[in-house]
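Undergrad: Any chance you can model this:
(2 chains)
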There are 2 protein chains.
Amino acid sequence: MVQQEIFGLVQDELSLLENELAAIIQSEDDIMTDMGIHLLRAGGKRLRPALYFLGAKAGKGNLADQMPAAVAIELIHMATLVHDDVLDNASTRRNLITANAKWGDHPSVLTGDYLFAKAFLLLAANNHKAALSILTKEICTICEGEIGQIRDSYRVMQCKEDYFVRIGKKTAGFIAVSCQLGALAAGLSAAEVEGMYQYGYAVGMAFQITDDILDVTASSEKIGKPAGNDLKQGVLTLPVLYALEQSSHSEELKSIITAKDMPEEKVRRCLDIVRGTEAVEYSYQIATDYLETARKSLPDSLPGEVRAALQTIADFIGVRQN
Amino acid sequence: MVQQEIFGLVQDELSLLENELAAIIQSEDDIMTDMGIHLLRAGGKRLRPALYFLGAKAGKGNLADQMPAAVAIELIHMATLVHDDVLDNASTRRNLITANAKWGDHPSVLTGDYLFAKAFLLLAANNHKAALSILTKEICTICEGEIGQIRDSYRVMQCKEDYFVRIGKKTAGFIAVSCQLGALAAGLSAAEVEGMYQYGYAVGMAFQITDDILDVTASSEKIGKPAGNDLKQGVLTLPVLYALEQSSHSEELKSIITAKDMPEEKVRRCLDIVRGTEAVEYSYQIATDYLETARKSLPDSLPGEVRAALQTIADFIGVRQN
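TA: The predicted model follows:
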């Protein structure tokens, strides 16, 4: 299992995290509990808490003090996913039915709110001031990034910079603060905390770019959701923006996208146009550059095993297939 | 203006609150800021912060210390309203177009998340531990209440107790904690804080019951949203539950509701059946009983003017028309 390989160093912490998550999603309301269990089972890589724990491992803090922030990070991530799926009208994620498809939009929006509140309740109960400030600020940023994505959807005249700002807000910032909070828990210096933040930010950028490449290249089974899904929703990712600039079929691509309503064969035609350019290679190169930045940002002072694990995560993101 | 009449004692506080709210909803993102401004303009009575300030006035705290909790309370309220309107697919509230009708569901869900996060960011920045714990817990309860409402919708076999539990979670609890937090800010004794909580809870129950009566009796213009709206969505309120028990047309009412799809003339027929019973009088009596409980719960030790203002609010809720 890949997760074990790359997160081996914090395997115990991640096991305990699962127990804590299972305990905290219990609600007085059965539907809410069922939805929480479903979301937990849908799993995911627990990338953000793993990065947090790895950062924390650079110091001598104890796990009991670290756990609330890790749980809060994953709860917030779950909440953003469940709201995302409602907004995208998604029916599958990681090859599993989404909460909105199973229980409807209403309970899903409410469960997202509930998970947010649980996360902040936990941090408040543990008097975790830094995590509260940093994570609440980060949610504001994520929301701005998501709104930006809606505003920019179908907008073929946007530039790549718009994309980088958007995914920075939508994805990279949250991975960055997971690393930052881990470094703070470890009691690292301000410069080291900043280095960890920059590592996380660059890893996050590469992570989202890879995700966006997969939306163009991978089969639906592999990525656990329909291929071309972003495009269909008008979300213009890096490979698509590249093709809009460079493809000899750029005008056709533009006109399909600006028509907004995209039946399956139009989605396929767009994907073919994108694949007919160097878009994928170009995007991988950008992701690779970010991963190089990530590696260089790691503080020199990190314990060898922590440093090695964080390097491995960067390597893994460069080659991931789902 | 009614608001001035009943909230006169905390008029200055409420004016300052408006400035603080206007400042805090500013976002880097223009759409988010516009939605925030729209939500602020849509206004509302600011009942919850007014109750908070009145509670706080029983002590000698300073306004600067009190403001963050008041702002957070109103932001959370705004967030729940904007999510509510998405869930209800509402197009008007207080005679104004809703955010979801104007900007769409996606930005509205995100703006709700943003407002929640802003509220907790503010409390975290001011190290407001009690407010953080109490308000995050309350959001969990509200979500459970809302999910309960979804689960119970169209369910004609529910009893009135289900309704009271539901509106307790959905509405009364939040008004109760607004009073509780005010009392805590005033440094009142534990028994007095509890009295204030009970006052708020009972006022909140009466407030929701009155709201539910208006859904049956009032014109759409008066309540600023379509009459019979709850019924149409399968939300069975106290007057409807009474009619289901007592009306000679109970079977007809049941069959219309359980058919779920309710065209306008069926809604009107249901409202006629409800109005043909003592449902409205019965519901007013229950609301009146709650308001009596509210008055009795007020701590004897409150300063006279605070006590008088809280009594007036209870009086006002008993006769409100919108």
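Undergrad: switch to C-alpha atoms for all contacts and neighbour counts from now on
TA: OK.
Undergrad: Give the helix, strand or coil label for residue A:154.
TA: coil (DSSP: H, G, I helix; E, B strand; the rest coil).
Undergrad: give the contact list for it.
TA: Going by C-alpha atoms under 8 Å, 6 or more residues apart in numbering or on different chains, residue A:154 touches A:233, A:234, A:235, A:236, A:257, A:258, A:260.
Undergrad: Relative to chain B, which of the residues you listed is nearest.
TA: Of all those, chain B sits closest to residue A:233, with 12.4 Å by C-alpha to the nearest C-alpha.
Undergrad: Run a quick neighbour tally on the closest one.
TA: 17 (other C-alpha atoms under 10 Å in any protein chain shown).
Undergrad: Contacts only, for the residue most central in space within chain A.
TA: Taking C-alpha atoms, centre = their mean, the centroid of chain A lies closest to residue A:171, which sits 4.9 Å from it. Each residue near residue A:171 by C-alpha under 8 Å, 6+ apart is listed here: A:142, A:204, A:205, A:208.
Undergrad: Give the other helices and strands that the helix or strand harbouring residue A:161 contacts.
TA: Taking DSSP states H and E as the definition, residue A:161 sits inside helix A:160-167. Packing partners of helix A:160-167 (3 or more C-alpha pairs under 8 Å, 6 or more residues apart in numbering or on different chains; DSSP states H and E): helix A:129-152, helix A:190-217, helix A:238-246.
Undergrad: Chain B is nearest to which of those?
TA: The minimum distance between chain B and the helices and strands packed on helix A:160-167 falls on helix A:129-152, with 5.0 Å, by C-alpha to the nearest C-alpha.
Undergrad: For that closest one, which helices and strands make contact with it?
TA: Secondary-structure packing of helix A:129-152 (3+ C-alpha pairs under 8 Å, 6+ apart): helix A:105-125, helix A:160-167, helix A:173-185, helix B:30-42, helix B:105-125.
Undergrad: Go again with 10 Å.
TA: Judged by 3 or more C-alpha pairs under 10 Å, 6 or more residues apart in numbering or on different chains; DSSP states H and E, the packing partners of helix A:129-152 are helix A:63-88, helix A:105-125, helix A:160-167, helix A:173-185, helix B:30-42, helix B:105-125.
Undergrad: export those helices to JSON lines and tack on mean pLDDT?
TA: Shown next, in JSON lines, are the helices and strands packed on helix A:129-152 (pLDDT from 0 to 100):
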{"stretch": "helix A:63-88", "mean pLDDT": "93"}
{"stretch": "helix A:105-125", "mean pLDDT": "93"}
{"stretch": "helix A:160-167", "mean pLDDT": "96"}
{"stretch": "helix A:173-185", "mean pLDDT": "98"}
{"stretch": "helix B:30-42", "mean pLDDT": "89"}
{"stretch": "helix B:105-125", "mean pLDDT": "93"}
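Undergrad: what's the closest of those to residue A:300?
TA: Closest of those to residue A:300 is helix A:173-185, at 13.3 Å (criterion: C-alpha to C-alpha).
Undergrad: Just the CA atoms of the closest one, as CSV, please.
TA: Extracted in CSV, the C-alpha atoms of helix A:173-185 (Å, rounded to 0.1, in the frame of the first residue of the first chain):
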residue,chain,number,x,y,z
GLY,A,173,-2.5,27.0,0.9
PHE,A,174,-4.2,24.4,2.9
ILE,A,175,-1.4,21.9,2.4
ALA,A,176,1.0,24.6,3.2
VAL,A,177,-0.7,25.4,6.6
SER,A,178,-0.8,21.7,7.4
CYS,A,179,3.0,21.7,7.2
GLN,A,180,3.3,25.1,9.0
LEU,A,181,1.2,23.9,11.9
GLY,A,182,3.3,20.7,12.2
ALA,A,183,6.4,22.9,12.3
LEU,A,184,4.9,25.1,14.9
ALA,A,185,4.0,22.0,17.0
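Undergrad: re the thing from before, give the PyMOL command for selecting the buried subset of the contacts of residue A:171.
TA: Remark: buried members of the contacts of residue A:171, expressed as a PyMOL selection using 16 or more other C-alpha atoms under 10 Å in any protein chain shown:
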select buried, chain A and resi 142+204+205+208
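Undergrad: from the contacts of residue A:171, which is closest to residue B:264?
TA: Nearest to residue B:264 among the contacts of residue A:171, with distances taken as C-alpha to C-alpha, is residue A:142, at 40.6 Å.
Undergrad: show me the contacts for residue A:291.
TA: For residue A:291, the contact set (C-alpha atoms under 10 Å, 6 or more residues apart in numbering or on different chains) comprises A:199-207, A:285, A:297, A:311, A:313-318.
Undergrad: ok, 7 Å please
TA: Shown in contact with residue A:291 (C-alpha atoms under 7 Å, 6 or more residues apart in numbering or on different chains): A:202, A:203, A:206, A:314.
Undergrad: Now name the helix or strand holding the residue nearest to the third one when sequence neighbours are not counted.
TA: Looking back up the chat, that one is residue A:206. Using C-alpha to C-alpha, 6 or more residues apart in numbering or on different chains and skipping the chain neighbours, the partner closest in space to residue A:206 is residue A:287 (4.4 Å). Secondary-structure assignment from DSSP H and E places residue A:287 in helix A:279-297.
Undergrad: Would you indicate which residues of that helix are buried?
TA: Judged by neighbour count (16+ other C-alpha under 10 Å), helix A:279-297 contains these buried residues: A:279-280, A:283-284, A:286-288, A:290-295, A:297.
Undergrad: Three-state assignment for the closest residue to residue A:232 other than its chain neighbours, please.
TA: Sequence neighbours aside, residue A:262 is the residue nearest to residue A:232 in space, at 6.0 Å (criterion: C-alpha to C-alpha, 6+ apart). Recorded secondary structure, residue A:262: coil (three-state DSSP).
Undergrad: Tell me the spacing between residue A:10 and chain B.
TA: According to C-alpha to the nearest C-alpha, to the nearest Å, residue A:10 stands 29 Å off from chain B.
Undergrad: Any of the contacts of residue A:154 buried? List them.
TA: A:233, A:234, A:235, A:236, A:257.
Undergrad: thinking the second one is in contact with residue A:153, fair?
TA: Yes. Residue A:234 lies in contact with residue A:153 (C-alpha atoms under 7 Å); the separation is 4.7 Å.
Undergrad: residues touching the closest residue to residue A:195 other than its chain neighbours, list them.
TA: In space, and not counting its chain neighbours, residue A:195 is closest to residue A:297: 5.1 Å by C-alpha to C-alpha, 6+ apart. Shown in contact with residue A:297 (C-alpha under 7 Å, 6+ apart): A:195, A:196, A:198, A:199.
Undergrad: rewinding a little: in a strand, the residue nearest to the centre of chain A, correct?
TA: No. Residue A:171 sits outside any strand when classified using three-state DSSP, being helix.
Undergrad: Okay, the residue nearest to residue A:125 when sequence neighbours are not counted and residue A:103: tell me how far apart.
TA: Counting by C-alpha to C-alpha, 6+ apart, residue A:125 lies nearest to residue B:133, which is 6.4 Å off, once chain neighbours are set aside. Distance from residue B:133 to residue A:103, counting by C-alpha to C-alpha, to the nearest Å: 29 Å.
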